[in-house]
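**Q** structure for the following, please:
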Amino acid sequence: MPPARSPLRLDISPRRPEGADADVVLRLLDGFGVEAAGARVELPASAQRVVAFVALHERPVLRSYVAGSLWLDWPEARAAGNLRSALWRIQRQTPLLIEADARMLRLVPEVRVDLREAEGLARRELDGEGVGGFEPRRLAVDLLPDWYDDWVLIERERFRQLRLRALEALCERRAREGRLGEALEAGLLALAGEPLRESAHRALVRVHLADGNAAEALRQYALCRTLLRDQLGLEPSERMRELVAGLDAANTNG
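**A** Here you go, the predicted structure:
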């Protein structure tokens, strides 16, 4: 009787080809994308979801957890098979993206992730350590905007709140520095992210006042009041009303 054959094991641990450029970039903001050595890498939808799911966890995750989360309605064995297939495709296209062993998955530490870079910029701005040449449009886009999985929605909202707060902080800081055009851009980007956000309206009113544009400040106040009334049935807060008090009583009442 011939000896039993060992089961086939798929080794997908990343190996750097000799002379290969390890510069891998993962883009999760404003859509999914992978670049390796400056070239775009095409991945099927199932592989994209695996990469995104793993990347949104900053620590290694169990293979069983990934499979069960991404293929909720599939039997466990079939979900595990789907994960193996997706990992094989990832390894085939870009072996320096996902590290895997028999139990765990994680993003290769050297992979650059635009989400993490944007989060770092936002947190530095909120901590008062903003970079002088920081481009506010880097915080103007959402995480994977066309994806509707629950695990994406949670992370998208977390990042949205972070980036809007950072844009408002940048608006205030640039206004204090006298860089009013840049302050206005940051404030408008925050407002575009959430038109009902009164704190963004307040930041813009302050910019207009600093620039000596009382009429623009009143116009911003009126827009805020109209949006809050029409959409939420609310009035602007006392903090907002105090900003424009005395500018034009006829325009701020009624």
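**Q** ok, the residue nearest in space to the middle of the chain - contacts?
**A** Note on the chain: the residue nearest the mean C-alpha position is Leu143, at 3.9 Å, using CA atoms, centre = their mean. Contacts here follow CB atoms under 8 Å, 6 or more residues apart in numbering; on that basis Leu143 touches Leu28, Leu29, Leu115, Val152, Glu155, Arg156, Phe159, Arg160. All C-beta atoms are positioned from the backbone trio N, CA, C, and that covers glycine.
**Q** residues of stretch 111-122 that come out buried?
**A** Taking 16 or more other CB atoms under 10 Å as the basis for neighbour counts, the residues of stretch 111-122 that come out buried are Val111, Val113, Asp114, Leu115, Ala118, Glu119, Leu121, Ala122.
**Q** and the closest residue to the second one other than its chain neighbours, how many neighbours does it have?
**A** Read it as Val113. When the adjacent residues along the chain are set aside, Val113 lies closest to Leu26, with 4.8 Å between them (CB to CB, 6 or more residues apart in numbering). For Leu26, the neighbour count with other CB atoms under 10 Å is 24.
**Q** Leu26: which element?
**A** Element membership for Leu26, per DSSP states H and E: strand 24-27.
**Q** likewise for Arg106?
**A** Remark: Arg106 resides in strand 104-107, with elements defined by DSSP H and E.
**Q** report all helices and strands that that strand contacts.
**A** Packing partners of strand 104-107 (3 or more CB pairs under 8 Å, 6 or more residues apart in numbering; DSSP states H and E): helix 45-55, strand 61-62, helix 63-70, strand 98-100.
**Q** just want the angle from the first one to helix 63-70.
**A** Spelled out, that is helix 45-55. Counting by axes from the mean of the first three to the mean of the last three CA atoms, to 10 degrees, helix 45-55 lies at 120 degrees to helix 63-70.
**Q** and the buried ones among the contacts of Leu143, selectable in PyMOL?
**A** In PyMOL syntax, the buried subset of the contacts of Leu143 is picked out as below (16+ other CB under 10 Å):
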select buried, resi 28+29+115+152+155+156+159
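**Q** quick one: the contacts of Leu143 as CSV, columns for pLDDT too.
**A** Shown next, in CSV, are those (pLDDT from 0 to 100):
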residue, pLDDT
Leu28, 98
Leu29, 97
Leu115, 97
Val152, 97
Glu155, 97
Arg156, 97
Phe159, 97
Arg160, 97
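**Q** format the contacts of Leu143 as a markdown table; extra columns: distance to Gln48.
**A** A markdown table is the format used below for the contacts of Leu143 (distance: CB to CB, whole Å):
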| residue | distance to Gln48 |
| --- | --- |
| Leu28 | 10 |
| Leu29 | 14 |
| Leu115 | 14 |
| Val152 | 11 |
| Glu155 | 15 |
| Arg156 | 16 |
| Phe159 | 18 |
| Arg160 | 21 |
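**Q** nearest to Arg59, of the contacts of Leu143?
**A** If you rank the contacts of Leu143 by distance to Arg59 using CB to CB, Glu155 comes first, at 14.6 Å.
**Q** rewinding a little: and the strand holding Arg106, which residues are buried?
**A** In strand 104-107, counting by 16+ other CB under 10 Å, buried: Leu105, Arg106, Leu107.
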